[in-house]
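Student: The amino acid sequence is not available; the structure is as follows:
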């Protein structure tokens with residue numbers, strides 16, 4: 001008898017196909033055993049299985065493998081071939097529905113995108129602006145816009161030192177933009193020069209050797225918070241909606257308004273002091289006195305700084321080669337290594353990056369057997 005049941009169960013495994021309406025469950029093992037018991041009219045086994053697994057009987061009824069009459073202990077079985085055909089028809093109908101849905105998805109995506117953009121960029125108070133008062137929405141929109149930057153990101157952050165969590169997020173986001181060749185310039189308040197966490201982040205981003213390095217400057221006094229992307233979109237703080245949350249913001253896309261904001265940023269940038277993440281030195285505090293290569297903020301050795309000083313004085317590479325007693329080719333190789341160190345492609349860019357770095361303020365007047373830069377100190 002058990003052999004007969006197993007034979008029935010083996011044959012019924014062909015019925016384990018996708019159920020209608022997206023349900024992909026197979027016919028259960030208990031349902032297969034119950035069908036076999038019904039087929040051989042074993043009333044005791046049918047009663048035992050039904051009592052232990054009442055859902056098995058429902059499965060068989062759903063598959064139309066047994067009669068739905070609940071008044072009989074052993075329901076009559078139906079031809080499995082007919083059940084297979086019905087299930088195949090159900091599966092094909094479901095598949096056709098899925099294919100039809102797939103065909104409509106591109107058009108649906110376009111329609112949804114149109115509605116999304118109409119909401120984000122709708123005119124507010126006669127200007128192309130959208131107000132956002134939820135921090136999650138603001139951050140998500142900033143991530144979208146910054147993540148799609150093609151040429152330039154300008155950021156003015158007057159809030160002072162940044163938290164470690166915010167900076168951890170910024171490293172990945174900003175690195176991706178710099179790797180795409182986007183220029184990234186940020187203005188901080190002067191107080192960040194005393195904040196180790198923000199300084200470490202700035203050093204990391206300004207000293208990148210792959211892609212472009214980021215550029216930072218600090219400014220004393222107050223200024224407006226803004227993020228400008230490609231001079232096409234700008235995020236600014238809210239000064240319109242009364243009693244708005246602290247992190248409420250506006251996204252501005254009006255070309256005239258964004259252009260004015262970008263010019264305002266450029267003006268602040270010219271007044272700000274270059275910063276590569278060096279902490280403001282405090283006399284007597286050795287932890288805040290970076291010196292030679294390998295110490296936070298300084299990436300060059302004595303010879304490299306000597307070459308850069310000569311080039312900054314206006315000497316040509318040929319004149320510098322004669323001064324150091326090397327061939328033009330040898331000096332060109334050393335200059336190329338310095339360009340790679342800052343991720344720049346021209347001599348003017350190299351001189352600019354060196355001039356705003358802590359390297360240019362290292363004191364190399366100390367004896368050769370002492371750490372160069374032992375008297376390093378940033379300007380007040």
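Tutor: Structure received. These figures come from a predicted structure and were not determined experimentally.

Student: Which positions in the helix or strand where residue 129 lies come out as buried?
Tutor: Here residue 129, judged by DSSP states H and E, is contained in strand 127-132. For strand 127-132, a neighbour-count test (16 or more other C-beta atoms under 10 Å) marks 128, 129, 130, 132 as buried. To be clear about C-beta, it is placed using only N, CA and C from the backbone, and glycine gets the same treatment.

Student: quick one: strands adjacent to that strand?
Tutor: Next to strand 127-132 in the sheet, as set by DSSP bridges, lie strand 123-124 (antiparallel), strand 249-252 (antiparallel).

Student: So what's the gap between the last one and the chain middle?
Tutor: Distance, stretch centre to chain centre, for strand 249-252: 21 Å (C-alpha atoms, centre = their mean, to the nearest Å).

Student: Would you mind pulling the contact partners of it?
Tutor: With contact meaning C-beta atoms under 8 Å, 6 or more residues apart in numbering, strand 249-252 is reached by 120-121, 127-132, 138, 141, 145, 233-238, 240, 258, 261.

Student: quick revisit: compare the mean pLDDT across the strands paired with strand 127-132 and name the weakest.
Tutor: Per-stretch mean pLDDT for the strands paired with strand 127-132 is lowest at strand 123-124 (a mean of 41).

Student: picking up where we left off before, just checking: the least confident one among the buried residues of strand 127-132 is which?
Tutor: Within these, pLDDT reaches its minimum at residue 128, with 77.

Student: Look up the closest residue to residue 78, ignoring the ones flanking it.
Tutor: Nearest residue to residue 78 in three dimensions, chain neighbours excluded: residue 65, at 5.6 Å (C-beta to C-beta, 6 or more residues apart in numbering).

Student: Go ahead and confirm that neighbour touches residue 81.
Tutor: No: under the criterion of C-beta atoms under 8 Å, residue 65 makes no contact with residue 81, lying 10.9 Å away.

Student: who's more crowded, the two?
Tutor: It is residue 65, of residue 65 and residue 81, that has more neighbours when counted by other C-beta atoms under 10 Å, with 24 against 10.

Student: Could you report the separation of that one from residue 33?
Tutor: Here the distance between residue 65 and residue 33 works out to 13 Å (C-beta to C-beta, to the nearest Å).

Student: before we move on, back to that, now restrict the contacts of strand 249-252 to buried residues only.
Tutor: When these are checked for burial by 16+ other C-beta under 10 Å, the buried set is 121, 128-130, 132, 138, 141, 145, 233-238, 258, 261.

Student: The closest residue to residue 317 other than its chain neighbours: how many residues sit nearby?
Tutor: Leaving aside its chain neighbours, residue 317 sits nearest to residue 331 (5.6 Å; criterion: C-beta to C-beta, 6+ apart). Residue 331 has 21 neighbours, counted by other C-beta under 10 Å.

Student: wait, doesn't residue 331 sit right on residue 323?
Tutor: No: with contacts counted by C-beta under 8 Å, residue 331 stays clear of residue 323, the gap being 9.3 Å.

Student: Tell me the secondary structure at the residue nearest to residue 181 when sequence neighbours are not counted.
Tutor: Using C-beta to C-beta, 6+ apart and skipping the chain neighbours, the partner closest in space to residue 181 is residue 212 (6.3 Å). Applying DSSP: H, G, I helix; E, B strand; the rest coil to residue 212 yields a three-state assignment of coil.

Student: Repeat that for the one 10 residues further on.
Tutor: The three-state label for residue 222, taken from three-state DSSP, comes out as coil.

Student: again, but for residue 144
Tutor: With three-state DSSP as the basis, residue 144 sits in helix.

Student: That one: neighbouring residues, count only.
Tutor: 11.

Student: what does residue 315 give?
Tutor: Per other C-beta under 10 Å, the neighbour tally for residue 315 reads 15.

Student: what's the closest non-adjacent residue to the residue nearest the centre of the chain?
Tutor: Centroid-nearest residue in the chain, with C-alpha atoms, centre = their mean: residue 173, separated by 5.1 Å. In space, residue 173 comes closest to residue 146 once its chain neighbours are excluded; the distance is 6.2 Å by C-beta to C-beta, 6+ apart.

Student: Quick one: the helices in the stretch 151-300 of the chain, in order.
Tutor: For the stretch 151-300 of the chain, the helices defined by DSSP state H, counting those that start in this stretch occupy 164-179, 196-206, 255-271.

Student: which parts of the shortest one are buried?
Tutor: Of the residues in helix 196-206, those scored as buried under the neighbour-count criterion (16+ other C-beta under 10 Å) are 198, 199, 200, 201, 202, 203, 204, 205, 206.

Student: Correct me if wrong: residue 78 contacts residue 68.
Tutor: No: using C-beta under 8 Å, residue 78 makes no contact with residue 68, being 10.5 Å away.
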